[in-house]
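*Asks:* fold the following.
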Amino acid sequence: MRGTKTFPDWFLKIKEDARRFYQQAEAPRNKYINLNVIHPEEFDPEAFTQVDIPDKITQEETSGYAVFVDNRLVEWKSLSDGLDIYPLEEALEHPVFRKHFSKAVEPDRDKFTAYHYAMLKSGLFIYVEPDARIEKPFHLLFIHASDRASMHPHVLIVADRFSRFTYLEEAFSINDEITGFYNPVVEIFALDESRIYFSSIFHMNEKVLSYGRRRGIIGRNALIDINHGWLGGSINTNHTELLMDAPGAEGEDTQIFFGRDSQTHFLTTRLLHRVGDSTGNVLVRGALKDRAHSIFDGLIRIYHGAQRSNAFLEEHTILLNPGARSDAIPGLEIEANDVRCTHSATVGELEEERIFYLQSRGIPYEEARKMLVMGFFEFAIEKIPVEQARERLINLIEEKWN
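*Replies:* Residues are numbered from 1 along each chain as shown. Down below sits the predicted model:
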């Protein structure tokens, strides 16, 4: 790491306020899940294991890259003009960082978000300059290398006016035995007329507890297109929010998840239309086997006066055996009368007619089931911007059948 600096007073105050909030707040819970089972203090934020940077990043295919190992940012580089990359201690002096830091995801959102800010000491600031067209994706790796590691990476992305940016992150463990607590926050700002395409693949091992927040704020005629693949974790909790903050704002949120054994995926998503003439879409698909459990909590909110908003939320889960369980909680809050706003959610099994059709073409029963699930996920797989990462995601999904 390129040296360290003393944190400024304003930053230390955020950390101290967050620490007090964490100590007083209760863990999130509802009738489907109780997160009191997560005890962050049992994990070590100083745990660190030196590892070789894996051959997952091809510089010729990227505009830049960064690597976190456990709770440290160990390597970062920009390979494109107009793309500025700063580690946290350098970003603290940047006026754009100061303006946007903690403004999308506030420290007092909930107990575990406060814990993130209280423990925060490693992060990355990505600034896309005005008019910059960053066609190749920026690639970020989160590597879980130490047993009982506590990881709190913070990523702030600001795409300035008329810019374009593509981002891919992957989070994984070096083996299946180590435990940990993964507690990321990602703040995304798409300023007027900008475009951000954001993809992530989470496949830390099934002994990791995860609680993260990702929130995007979208300006006039701007776009944030988010694409998540959730495969790992013991209890994987993620909150995604897209705030349409000016006319012409557009938010796209696609997510897939696959649970096996006793995994739990707790996913919440919010489309928040603060102003009218904006568009938002959510499409979530999942598959569960064994005793896996998913909770999907989705909400579209149309604020007062946000006329001509157009929003759609859809979630579908396939249960691959009787022991799996899925709970869906779609909702609408509409305070305007000239809108298009719908939602739907389904839970079911694979259609036997489709399986029979594939069997009639000589495909074995279990292979036919797997093919149908892969087709169910194809819309999200195709959005991964790096071919090698797409192949890794496909292989990870196929491994869930073992």
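*Asks:* isn't residue 70 right up against residue 144?
*Replies:* Yes - taking contact to mean Cβ atoms under 8 Å, the distance of 6.8 Å between residue 70 and residue 144 places them in contact. For the C-beta atoms, the positions are set from N, CA and C on the backbone; glycine is no exception.
*Asks:* quick one: which of those two has more around it?
*Replies:* In this comparison of residue 70 against residue 144, neighbours counted by other Cβ atoms under 10 Å, the higher total goes to residue 144 at 29 against 25.
*Asks:* wait, the more buried one touches residue 180, no?
*Replies:* Yes - using Cβ under 8 Å as the test, residue 144 is close enough to residue 180 to be in contact (5.3 Å).
*Asks:* show me the contacts for the nearest residue to residue 397 once chain neighbours are set aside.
*Replies:* On the basis of Cβ to Cβ, 6 or more residues apart in numbering, the spatially nearest residue to residue 397 that is not a chain neighbour turns out to be residue 258, at 5.8 Å. For residue 258, the contacting residues are 230-231, 286-288, 373, 377, 397, 400, taking Cβ atoms under 8 Å, 6 or more residues apart in numbering as the criterion.
*Asks:* other SSEs contacting the lowest-mean-pLDDT helix or strand in the chain?
*Replies:* Taking mean pLDDT, DSSP states H and E as the measure, the helices and strands of the chain show their lowest mean at helix 352-360, namely a mean of 86. Using 3 or more Cβ pairs under 8 Å, 6 or more residues apart in numbering; DSSP states H and E, the elements in contact with helix 352-360 are helix 365-381.
*Asks:* now the helix it packs on: mean pLDDT?
*Replies:* The pLDDT scores in helix 365-381 average 88.
*Asks:* one more: stretch 214-226?
*Replies:* This predicted structure assigns stretch 214-226 an average pLDDT of 98.
*Asks:* for beta bridges, what are the partners of the closest residue to residue 235 other than its chain neighbours?
*Replies:* If you skip the residues right next to it in sequence, residue 235 has residue 264 as its closest partner in space, 4.8 Å away by Cβ to Cβ, 6+ apart. Counting by DSSP bridges, residue 264 forms beta bridges with residue 235, residue 293.
*Asks:* quick one: contacts for residue 264?
*Replies:* The contact partners of residue 264, by Cβ under 8 Å, 6+ apart, come to 33, 234-236, 292-295.
*Asks:* quick revisit: between residue 144 and residue 180, which contacts overlap?
*Replies:* 151, 173, 204, 208.
*Asks:* quick one, phi psi at the third one?
*Replies:* When read as degrees, to the nearest 10, the backbone of residue 204 gives phi -60, psi 160.
*Asks:* now the protein, which segments are flagged as low pLDDT?
*Replies:* By pLDDT under 70, the low-scoring segments of the chain are 1-5.
*Asks:* all helices of it, in order?
*Replies:* Chain-ordered helices for the chain, with DSSP state H as the definition, fall at 9-24, 88-91, 95-100, 111-119, 352-360, 365-381, 387-399.
*Asks:* list the buried residues in the longest one.
*Replies:* Neighbour-count burial for helix 365-381, counted by 16 or more other Cβ atoms under 10 Å, picks out 368-370, 372-373, 376-377, 380-381.
*Asks:* now it against helix 352-360, angle please.
*Replies:* Helix 365-381 runs at 110 degrees relative to helix 352-360, counting by axes from the mean of the first three to the mean of the last three Cα atoms, to 10 degrees.
*Asks:* my guess is residue 160 contacts residue 126. True?
*Replies:* No - at 11.3 Å, residue 160 does not count as touching residue 126 under the criterion of Cβ under 8 Å.
*Asks:* the two: which is more packed in?
*Replies:* Ranked by neighbour count (other Cβ under 10 Å), residue 160 and residue 126 place residue 126 first, with 25 against 21.
*Asks:* ok, now which ones touch the more buried one?
*Replies:* Residues near residue 126 by Cβ under 8 Å, 6+ apart: 83-85, 138, 155-158, 165, 167.
*Asks:* name the member of those residues with the most neighbours.
*Replies:* residue 165 (28 neighbours).
*Asks:* next up, the contacts around it.
*Replies:* Neighbour list for residue 165: 83, 126, 128, 132, 134, 138, 157, 159, 194-197 [criterion: Cβ under 8 Å, 6+ apart].
*Asks:* for residue 54, give its distance to residue 355.
*Replies:* As judged by Cβ to Cβ, to the nearest Å, residue 54 and residue 355 stand 37 Å apart.
*Asks:* ok, residue 171 - how many residues close by?
*Replies:* Neighbour count of residue 171, defined by other Cβ under 10 Å: 24.
*Asks:* tell me the contacts of the closest residue to it other than its chain neighbours?
*Replies:* With Cβ to Cβ, 6+ apart as the criterion, residue 171 has its nearest non-adjacent residue at 3.9 Å, and that residue is residue 142. Residue 142 sits next to 68, 151, 153, 169-172, 182, 184 when contact means Cβ under 8 Å, 6+ apart.
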